[in-house]
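Asks: 3D model of this:
(2 chains)
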Amino acid sequence: MSRRLLGLGILLGKRVLWMLLTVWIVFTITWILMRLVPGGPYSAEKKVPPAIQRNLEAQFRMNEPLLVQYGSQLWDALRGDLRLSMKLQDYSVNEVIAQGFPVSAALGIFALTFALFFGTVAGVISAVRRNSFFDYSFMAFATLGIAVPNFVLAGVAILIIVFQWHLLPPAGWGSRDHIWLPALCLAAPYTAYVARLTRAGMLEVLNLDYIRTAYAKGLSPRTVIVKHALRGAILPVVSYIGPAAAGILTGSLILERIFNIPGMGSHFIEAASQRDYTLAMGIVLVSTILVYVMNMLVDISYAVIDPRVKME
Amino acid sequence: MREQAITYGVFAEQPESMPPIFRALFPLLFLALLGVAFVWSIAFEELPPADFAFDNGNEVQTVDPARATGSPENRILNALFEGLLRSLPEPGWEEKYGPDDNVPMTPQPAMADLPEISEDGRVYTYRIKDGRLWSDGSPVTAYDFEWSWMRVLHPESASQYAYQLYYLKGGRAYNTMQLENGDLVEVELADRPNPLQLFPRGTILHGRLKEIRKPKAPVIPEDASEERKNRIEGEWQEKWVYLVEVEEEGKDQPKLRAFSKKPRLSQPLYDGEIEPCMWVLTDFSKTVGVKAVDEKTLVVTLNSATPYFNELVAFYTLYPVHRPTIEKYGSPGWAKPQYLVGNGPFTMEFRRIRDRIRLKKNPKYWDAANVKLNTIDAMAVKSETTSLNLYLDKQIDWATVMPVSTIPKLRKEFGDQFRSAPMLTVYFYRVNTTRPGLRDPRVRRALNLAIDKANICQIITRAGEVPATTFVPPGLAGYESPPGQGFDVEQARKLLAEAGYPNGRGLPVVEILYNDTDAHRTIAERVQQMWRENLGVESRLRGLEWGVYLDAQDKLDYGVARAGWIADYPDPNTFLDLFVSDNPQNQTGWKNARYDELIEGASQESDPEKRLKMLSEAEAILLEEMPIIPFYFYVSKNLVKPYVRGFFNNVQDLHPLTLIEVDKEAKAKALKFGAGEKTAGGAR
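Replies: Residues are numbered from 1 along each chain as shown, chains lettered A, B, ... in the order given. All right, here's what the predicted structure looks like:
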């Protein structure tokens, strides 16, 4: 027991170190790329005299030698101070992320829950009723869901659900009505993928000896499927939750733009196109950490669920 | 037995693994967590819809009048603050003008009455009216204006629009830190409570500059980037030692003291004590032409008669800001909704980044009785399609943008909701007059003549834009542009041949630079085609991302470059002074002494008629020399619901929220049809 906990501790420690290293590399590459692009953050159509330009740069400490700028910004980032946003001048990057993250998180969690629930259900039904009408139609939908890009789906959904049926608002954020369309469009490919993973997993497990044994013991089909088969079949899905969660939380860029949602995706697109160096950097770092943490959590839970996985 | 043995093998490490109970609970734990998170994700606190909602385009970059620059900011700042004067239509405009007419707007009494203007047109005296309050209840005074204008001009504020105050005597020198020996100066000592915040400032000493001692100027490598040059220059300037005869209280004789931003580095230059300072600038209170004589009287002294100065006073850069709040919370803290104190018709109830700003009627506003709306949502909508969708779905009452491709249809189907009129904005191409070929005015004129602008307006822009033959848009009172030339292929070919490039032979390929959006690209492609067909001139398209495009334009790294200019104030000067030799916006390499002379002369001229004539003469030179090719004048494009009253067209596309009124009954009725009865928004 203690050895295993110790193993877990060492694993976590190693992972955190790797994460810091990754964050540092991401920071450095992003930082260099931003400086390489021609046209500074203060390029504006209405120009200011050089003296004032210098003051602007001084406020964001861009007047120092490059290495000093790099070092001080890295140090600030490590302390959790992402500095002032260069374009949203009334806010610090921390404040922008504090406002944007919950929005993207709500959207992402909604989408993830949807994807896991409906994906699993569809997968199980497809596997149990193999080659039935349900199986074919679910898997056809799944193929569509993976193949159709979510922005196309969004356009079609707006046309039909908003303007034909008048069920939901076309864009915006703030009431429950606003979350449905973007979350469903966001969830579509993940639902499809989960459904296919579950189906494949179930088909494999259903042929194994212990399922036969369970049936032989006289257990009801539902008990066998839910309690025994699903447990084994769900493992691929569990390992998919990590990348899926990270993908959903960071991959809502285009949908946030289409549905005008004030989340991390919108902030990131704007930061990149307006050269808001500090905000773009902040979001890149937060996303990196997020992806890393998600994968780490999945690894740990994997080890908890499946005893064959060793803590190494 | 065999099976059991295998089972035993697999679970051989049982004692070391997680307790089985934990493993059994884990899926439940996960499901519970997911459930809680899911409930959280749909837990929205619904918010009552605002009386009036509109799309405010891009997210407002700042609500600080000294730093703001765009039109989304303009709408918000006009709601939160108010200047000495406010641009409004004259009373009775509703009867006089139809829905498609442009209603003239003039500066009208707001915080102050219309000023008394001295005979030479240089001294303006504004009297603050009674009952003008900040939203915290304190009175607005002339001192607030003096201080706020100083804040705009202070170099550390880095205001992009500070030049709006260059008309003030001494304004430019203060802003650009020009100092000469013998100047009256103010020295700010390095004793600020927070060195990174400009306000509250450190101790200010007043005196006369005796001498600036500078170390040897650094050698700047020729190939250094702009940024690097700036830095080297800046580091050098920080070592300067300022010898100032400082006035001391109770003593007749001033005392000579030495100051420097980096005293330790400049020690070799002076053998006495060098005191650290933040800034040495010209003395604001003694050299800059704005003075609060008492609480109610503000005297403004200009460099020269500026007939449009009142228009500038009604522009947000010159609005007052609340000194105590800024000194208490610093920047950007003071601009947060919970602290912001304004003097405008509305206050900021809350702000959600890239979502909306909720405005609330300010009960302390002097004319609150005539402000009809209680709450307004200014939505930040980035995409034109989204904006149109929101409008069609009745989520917003006024859309300020819409996709160009939908305009013909909107005009047809929403005729009375689509409000459009000519604006003071011009779409043009800069021509790089330093490039071979383009150096010749005849070539530039030929390029202009070979573009069928009417065709571009009809086929591409399609919102009723007016093809341009001149640079200054029509609609400026009293100003008449010189006649320009339209589409004339014959003439164009002749000019090109005269210049030595018959049928375009020998003319280097012209590079068309634009910021890469569909509209600009389509126009550039059309131009490319017209030049090829009409003149035999070859061109190459170069669409760049905004920042890179600005940079390329700035470095004259282009053949012709797409541009647009919106009037800062309704006067031809806002267009024409762009192409004075030393204007940073010139960006064409074009210089003309006579042109500079006329623009400078006009700024000194006090007779309005003569002045406009000089400007017209200058424009004639511009059109003759063609460092720019004007394409068309924009029209304003707004979609406004029929139940909105008080909305009118004007040449600057300004729509004061104070005048807007919503017919609540009609709106409720409109919302009943189809969707949209749901709340427009809510809080998280």
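
Asks: Who are the contact partners of residue B:364?
Replies: Residues near residue B:364 by Cβ atoms under 8 Å, 6 or more residues apart in numbering or on different chains: B:133, B:134, B:135, B:136, B:137. For every residue, glycine as well, the C-beta is placed using N, CA and C.

Asks: List only those of those residues flagged as buried.
Replies: Buried residues within the contacts of residue B:364, counting neighbours by 16 or more other Cβ atoms under 10 Å in any protein chain shown: B:134, B:135.

Asks: From the contacts of residue B:364, which land in helices?
Replies: Assignment to helices by DSSP state H places none of the contacts of residue B:364 there.

Asks: which regions of the stretch 1-150 of chain A sit below the pLDDT cut-off?
Replies: By pLDDT under 70, the low-scoring segments of the stretch 1-150 of chain A are A:1-4, A:38-55.

Asks: quick one: the closest residue to residue A:74 other than its chain neighbours from chain B, how far?
Replies: What sits nearest to residue A:74 in space, not counting adjacent residues and going by Cβ to Cβ, 6 or more residues apart in numbering or on different chains, is residue A:27, at 6.1 Å. Per Cβ to the nearest Cβ, to the nearest Å, residue A:27 is found 21 Å from chain B.

Asks: name the helices or strands packed onto the host helix or strand of residue A:27?
Replies: Under the criterion of DSSP states H and E, residue A:27 resides in helix A:2-36. Under the contact definition 3 or more Cβ pairs under 8 Å, 6 or more residues apart in numbering or on different chains; DSSP states H and E, helix A:2-36 sits against helix A:66-78, helix A:277-305.

Asks: gap between the first one and the chain center?
Replies: Put plainly, it is helix A:66-78. Offset of helix A:66-78 from its chain centre (Cα atoms, centre = their mean, to the nearest Å): 27 Å.

Asks: name the helices or strands packed onto it?
Replies: Packing partners of helix A:66-78 (3+ Cβ pairs under 8 Å, 6+ apart): helix A:2-36, helix A:277-305.

Asks: nearest to residue B:197, of those?
Replies: helix A:277-305 (18.5 Å; Cβ to Cβ).

Asks: For the stretch 251-400 of chain B, which segments are assigned as helices?
Replies: Counting by DSSP state H, counting those that start in this stretch, the stretch 251-400 of chain B has helices at residues B:284-287, B:309-313, B:323-329, B:384-392.

Asks: Close to chain B: what parts of the stretch 151-300 of chain A are there?
Replies: Contacts of the stretch 151-300 of chain A with chain B, taken as Cβ under 8 Å from any Cβ of the partner chain, map to A:158, A:162-163, A:166-179, A:231, A:257-260, A:262, A:266-267, A:270, A:273-275.

Asks: Put the buried members of the residues you listed into a PyMOL selection.
Replies: Applying 16+ other Cβ under 10 Å to those, the buried members can be selected in PyMOL as follows:
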select buried, chain A and resi 158+162+168+169+170+171+172+173+174+175+177+178+179+257+258+259+260+262+266+267+270+274+275
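
Asks: Bridging across strands, which residues link to residue B:258?
Replies: Under the criterion DSSP bridges, residue B:258 forms beta bridges with residue B:243, residue B:274.

Asks: count of neighbours near it?
Replies: 21 (other Cβ atoms under 10 Å in any protein chain shown).

Asks: Next: residue B:379.
Replies: 28.

Asks: who's in contact with residue 59?
Replies: Picked chain A for this. Here residue A:59 is in contact with A:84, B:158 (Cβ under 8 Å, 6+ apart).

Asks: Hmm, no, I was thinking of chain B.
Replies: Taking Cβ under 8 Å, 6+ apart, one finds A:88, A:270, B:72, B:353, B:354, B:380, B:382 in contact with residue B:59.

Asks: circling back to that earlier point, just the closest of the contacts of residue B:364 to chain A, please.
Replies: Relative to chain A, the closest of the contacts of residue B:364 is residue B:135; by Cβ to the nearest Cβ it sits at 17.3 Å.

Asks: pretty sure that closest one is in contact with residue B:345, am I right?
Replies: No. Using Cβ atoms under 8 Å, residue B:135 is not in contact with residue B:345; the gap is 10.2 Å.

Asks: any residues in contact with both of those two?
Replies: Between them, residue B:135 and residue B:345 share these contacting residues under Cβ under 8 Å, 6+ apart: B:362, B:365.

Asks: pretty sure residue B:331 is touching residue B:66, no?
Replies: No. Counting by Cβ under 8 Å, residue B:331 does not reach residue B:66; the two are 9.3 Å apart.

Asks: Helices of the stretch 51-200 of chain A, start to end?
Replies: With DSSP H, counting those that start in this stretch as the criterion, the stretch 51-200 of chain A has helices at A:66-78, A:93-128, A:133-147, A:150-157, A:177-206.

Asks: Any residue of stretch B:417-432 touching chain A?
Replies: No. On the criterion Cβ under 8 Å from any Cβ, stretch B:417-432 is out of touch with chain A, staying 11.7 Å away.

Asks: Now do the contacts for residue B:312.
Replies: The contact partners of residue B:312, by Cβ under 8 Å, 6+ apart, come to B:164, B:167, B:306, B:318, B:569.

Asks: Redo the residues you listed as TSV? Include neighbour count.
Replies: What follows is the contacts of residue B:312, written out as TSV (neighbours: other Cβ atoms under 10 Å in any protein chain shown):
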residue	neighbour count
B:164	21
B:167	21
B:306	21
B:318	25
B:569	20
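
Asks: Tell me the one of those nearest residue B:289?
Replies: Distances from residue B:289 to the contacts of residue B:312, taken by Cβ to Cβ, are shortest for residue B:167, at 8.5 Å.

Asks: so that closest one sits right up against residue B:309, yeah?
Replies: Yes. Residue B:167 sits in contact with residue B:309 when judged by Cβ under 8 Å, with a separation of 6.2 Å.

Asks: Contact residues of the stretch 101-250 of chain B facing chain A?
Replies: Residues of the stretch 101-250 of chain B lying near chain A (Cβ under 8 Å from any Cβ): B:155-156, B:158-162, B:175-177, B:227, B:230-231, B:233-234.

Asks: Just the ones of the contacts of residue B:59 in strands?
Replies: Per DSSP state E, strands hold no members of these.

Asks: just to revisit the earlier point, just give me the neighbour total for the residue nearest to residue A:74.
Replies: 19.

Asks: again with residue B:604
Replies: 12.

Asks: Check residue A:152 too.
Replies: For residue A:152, the count of nearby residues is 11 (other Cβ under 10 Å).

Asks: and if you look at residue B:330?
Replies: When neighbours are counted by other Cβ under 10 Å, residue B:330 comes out with 16.

Asks: Please name the residues that touch it.
Replies: Neighbours of residue B:330 in contact, by Cβ under 8 Å, 6+ apart: B:194, B:197, B:199.

Asks: contacting residues for the second one?
Replies: Residue B:197 makes contact with B:330, B:331 under the criterion Cβ under 8 Å, 6+ apart.

Asks: which SS state does it fall under?
Replies: Following DSSP: H, G, I helix; E, B strand; the rest coil, the label given to residue B:197 is coil.

Asks: Please identify the deepest-packed of the helices and strands packed on helix A:2-36.
Replies: helix A:277-305 (a mean of 20; mean count of other Cβ atoms under 10 Å in any protein chain shown).

Asks: picking up where we left off before, what angle do helix A:66-78 and the helix holding residue A:27 make with each other?
Replies: Going by axes from the mean of the first three to the mean of the last three Cα atoms, to 10 degrees, helix A:2-36 is angled at 140 degrees with respect to helix A:66-78.

Asks: Would you mind listing the buried residues in helix A:2-36?
Replies: Residues A:4, A:11, A:15, A:19, A:23, A:26, A:27, A:30, A:31, A:34 are the ones in helix A:2-36 that count as buried (16+ other Cβ under 10 Å).

Asks: I'm done for today, thanks for sticking with me.
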